[in-house]
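S.K.: Provided below for reference: sequence and predicted model.
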Amino acid sequence: MADLAASQGVSLGTFRNTQPHKKRGHPAPISSAGAKAPLWDAEQTAAYRAGEPIPDITGPESDEDLLDRNEVAAELGITTRTWNGYRYDPRISEHTVLVPPREAGDDRPQVEHWPRGVIRAFKAERPGKGQGPNTGRPKGRGDMGPRAELPDRIARIPRDQLPDRIAELLDADPAVTAATVVADLRIDRTTALAGLATLRGQRMLDLLEGDPTLSFDAAADQLGYPRATRRRAIAAAQDERRRRAIQPYLQDVADALAKAGTTDAGEVTIQQQGEHLAAAITLHPGQPAPALVWHERYGWRTATSSRHPIGKDEAPEGEGIRYLSTDPQPAPADLLTALLDGRRGRKRP
């Protein structure tokens, strides 16, 4: 986006406000839907500016194709959260490609990509359930043995692996019940219900983004989800839609803070806090606060702890708490200015 703004001779802020890239006929981003940093093809955008026919850059799949994190997760059949752990595997990390390539004096944010061939080779070598043919329990098929005989390792599934394990059960049977998930993974019913609803909601939203004419019920019908599960799944899909809408802005803020040296670069994780969304960015020691917190209703504030910055109180008050803007989505530069100026902000939201 910074390159698009520069090509039109305007600032990035002006470009974001006027949004010329959303005009009819402008080339669509080549990054995946929901990517935190949308990317465009230089050849296509140059042709658009020159008023020339926009070239078709599609072609058959190649091992050299570069995939972003969403595309990699889809290729492996896992969640992006799980991919965050896999990406540090030496078989993956040594093949990471940064887009755009870093040049002298270049301060544009870069996006990690990986060659399709590397991901497919990793998938073929990756051990675990779902890697061979005919994996998973067929729809409607019961267990062949007592639940108590399941290996102990299943009783201690790391929490960050639970979405993938639940996804495997959902892949095998779209109508899988919470009771089956509880028995198979030995987790509590609340976690099973939430996990199923979240995954069903995400998959329904993926369909809706591909075909906006669909309703939630139509998407659920296509995916084979029972009516009894839809209320929770639709609520989860609506939360996920809000999450995807705000993610690029929060990531822009995190990138601006990292560029200013106040935090490390990294992906912002959005959490559910009651009926609202919230996110936290941990700051380096010596900064005006241990962390910054964004709340869907109250906007940005400072936090007094980097360990549990969001906390349970939706709008905390007290020593060390400053609400930095009356705008829930101030420009990253304005937020940074308010953070660094201790006189800015209010004690109450």
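M.R.: Nice, I can see it. Numbering: from 1, shown residues only.

S.K.: Pull the residues that contact the lowest-mean-pLDDT helix or strand in the chain.
M.R.: Sorting the helices and strands of the chain by mean pLDDT, DSSP states H and E puts helix 80-86 at the bottom, at a mean of 74. Helix 80-86 is contacted from outside by 69-70, 72-73, 76, 78, 92, 122, 160-161, 163-164, 267, using C-beta atoms under 8 Å, 6 or more residues apart in numbering. Every C-beta, even on glycine, is put in place using the N, C-alpha and C of the backbone.

S.K.: out of the residues you listed, which are buried?
M.R.: Buried members of these, counted by 16 or more other C-beta atoms under 10 Å: 69-70, 72-73, 76, 78, 92, 122, 161, 163-164.

S.K.: So which of those is the closest to residue 53?
M.R.: residue 70 (29.1 Å; C-beta to C-beta).

S.K.: my read: the closest one touches residue 35, true?
M.R.: Yes - under the criterion of C-beta atoms under 8 Å, residue 70 makes contact with residue 35 at 6.1 Å.

S.K.: what's downstream of the helix or strand containing residue 231, the next helix or strand?
M.R.: Assigned by DSSP states H and E, residue 231 belongs to helix 230-259. For helix 230-259, the following helix or strand on the C-terminal side (DSSP H and E) is strand 270-273.

S.K.: C-alpha coordinates for that following strand, PDB please?
M.R.: What follows is strand 270-273 as a C-alpha-only set of coordinates in PDB (Å, rounded to 0.1, in the frame of the first residue of the first chain):
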ATOM      1  CA  ILE A 270      -7.200 -10.400  19.200                       C
ATOM      2  CA  GLN A 271      -9.100 -11.800  22.100                       C
ATOM      3  CA  GLN A 272     -12.800 -11.900  23.100                       C
ATOM      4  CA  GLN A 273     -13.600  -9.900  26.200                       C
END
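
S.K.: Can you name every helix or strand that it contacts?
M.R.: helix 230-259, strand 276-282 (3 or more C-beta pairs under 8 Å, 6 or more residues apart in numbering; DSSP states H and E).

S.K.: which of those is buried the deepest?
M.R.: Burial of these is given as mean neighbour count (mean count of other C-beta atoms under 10 Å); strand 276-282 ranks first at a mean of 20.

S.K.: Name the surrounding residues that touch whatever helix or strand comes next after that one.
M.R.: Heading C-terminal from strand 276-282, the first helix or strand you meet, by DSSP H and E, is strand 291-295. The contact list for strand 291-295 (C-beta under 8 Å, 6+ apart) reads 250, 253, 257, 273, 276-283, 300-303, 305-306, 309-310, 314-315, 335, 339.

S.K.: now do the same end-to-end measure for stretch 309-316.
M.R.: 11 Å (C-alpha to C-alpha, to the nearest Å).
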